[in-house]
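In: Quick one, what's the 3D model for this:
(one chain, ligands or ions: 1)
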Amino acid sequence: MEFFDSHAHYNDEKFEEDRVTILSNLYNEEKITRVTCVGYNVEKSQLAVKLAKENSFLFATVGISPNDIEDFSEENLALIEKLAKQEKIVAIGEIGLDYYWNKENKEAQKELFIKQIEMANRLDLPIVIHTRDAAIDTVQILKEHPVKNKGIFHCCPLNQELIKSGLELGFYISFSGNITFKNAKSEGPVSLVPMDRLLIETDSPYLTPEPFRGTRNDSSKVKLVAKRVAEIKGINLEEVAKITYQNANNVFKISEE
Ligand code: NI
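Out: Model (predicted):
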């Protein structure tokens, strides 16, 4: 059984010390045979691209997240666009809106989001969306600025209205360790998403699933997310692994082999 972790940050400082060991262990021992390493500012996008070059089973995305708005400049956007043209860059992301951490600069966040949607459309790439406490504005922007290749609601908030809108817009919904948390009320949201539109991810090093909450996350724990999906959907783990692997290949346009 093999797994695809559709969203992790091996470009994060928390992996500085033991990145090589962890990645080799994931592939060889844990059978996490594909991972998308997600960028969120210029520096971390550059590192994601480098890691994808060095590791055959890693793919990368590049972009400036709403929480890295200090990187927003025309010059940096040009840099991101140049990076995105390299091999194994499978999406623009993570991009979007975050009113939980930043309420002060909503207009700048929207502008940055829209500019990167336009970039994805120029480059014929999907997007990876980060949205927090900003569901209405996120959906409105996606309606007004359609993304040709769609993409993913990453670590999708367990908000049924948002999930319905995301599905209607043609996006994939990706669940992380958040669905394993006690009191998460994940049954309703997970049930809403048809299996052919569902992805699993870790968002490592963050959002570690139960029962490991509080420790550093890594892609081996995507199995715990898959297990929770299997429980809610009433199907076996193997099926979840297989379908989500296929879905990730589809959205990122990665060939089977
Ligand atoms: Ni992330």
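
In: Strands of the stretch 151-257 of the chain, start to end?
Out: 151-153, 172-175, 198-200 (DSSP state E, counting those that start in this stretch).

In: out of those strands, deepest packed?
Out: Mean neighbour count (mean count of other C-beta atoms under 10 Å) peaks for strand 151-153 among the strands of the stretch 151-257 of the chain, with a mean of 29. To be clear about C-beta, it is placed using only N, CA and C from the backbone, and glycine gets the same treatment.

In: Quick one: the helices in the protein, in order.
Out: Using DSSP state H, the helices of the chain run over residues 19-28, 42-54, 74-84, 106-123, 135-144, 160-168, 187-192, 222-233, 237-252.

In: Just name the most buried of these.
Out: Most buried among those, counting by mean count of other C-beta under 10 Å: helix 222-233, with a mean of 21.

In: what's that one in contact with?
Out: Contact with helix 222-233 is made by 3, 5, 30, 32, 175-177, 179-180, 186-187, 190-191, 195, 198, 200-202, 209-210, 212, 236-237, 239-241, 244, as judged by C-beta atoms under 8 Å, 6 or more residues apart in numbering.

In: So what's the gap between it and the chain middle?
Out: 17 Å (C-alpha atoms, centre = their mean, to the nearest Å).

In: Then stretch 80-99?
Out: When distances are taken as C-alpha atoms, centre = their mean, stretch 80-99 is centred 11 Å away from the chain's centroid.

In: try stretch 248-257
Out: Counting by C-alpha atoms, centre = their mean, stretch 248-257 is centred 14 Å from the centre of its parent chain.

In: Repeat that for stretch 110-120.
Out: With C-alpha atoms, centre = their mean, you get 17 Å for stretch 110-120.

In: Report the mean confidence score over it.
Out: Mean per-residue pLDDT for stretch 110-120: 98.

In: Contacts for that stretch next, please.
Out: 63-64, 66, 69, 72, 77, 80-81, 84, 91-92, 95-97, 126-127, 137, 141-142, 145, 147-149, 151.

In: Recalculate using a threshold of 7 Å.
Out: When contacts are defined by C-beta atoms under 7 Å, 6 or more residues apart in numbering, stretch 110-120 is touched by residues 63-64, 66, 69, 72, 77, 81, 92, 95-97, 126-127, 137, 141, 145, 147, 149.

In: Kindly report the same for stretch 163-173.
Out: 139, 142, 150-153, 156, 189, 192-193, 197-199, 247, 251.

In: and that stretch, C-alpha only, in PDB?
Out: The C-alpha trace of stretch 163-173 is given here as PDB (Å, rounded to 0.1, in the frame of the first residue of the first chain):
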ATOM      1  CA  ILE A 163     -16.900  22.500   1.200                       C
ATOM      2  CA  LYS A 164     -20.100  22.600  -0.900                       C
ATOM      3  CA  SER A 165     -18.900  25.700  -2.700                       C
ATOM      4  CA  GLY A 166     -15.500  24.300  -3.300                       C
ATOM      5  CA  LEU A 167     -17.000  21.100  -4.800                       C
ATOM      6  CA  GLU A 168     -19.300  23.200  -7.000                       C
ATOM      7  CA  LEU A 169     -16.400  25.200  -8.300                       C
ATOM      8  CA  GLY A 170     -14.700  21.900  -9.300                       C
ATOM      9  CA  PHE A 171     -12.000  21.800  -6.600                       C
ATOM     10  CA  TYR A 172     -10.600  18.900  -4.700                       C
ATOM     11  CA  ILE A 173     -11.000  19.000  -0.900                       C
END
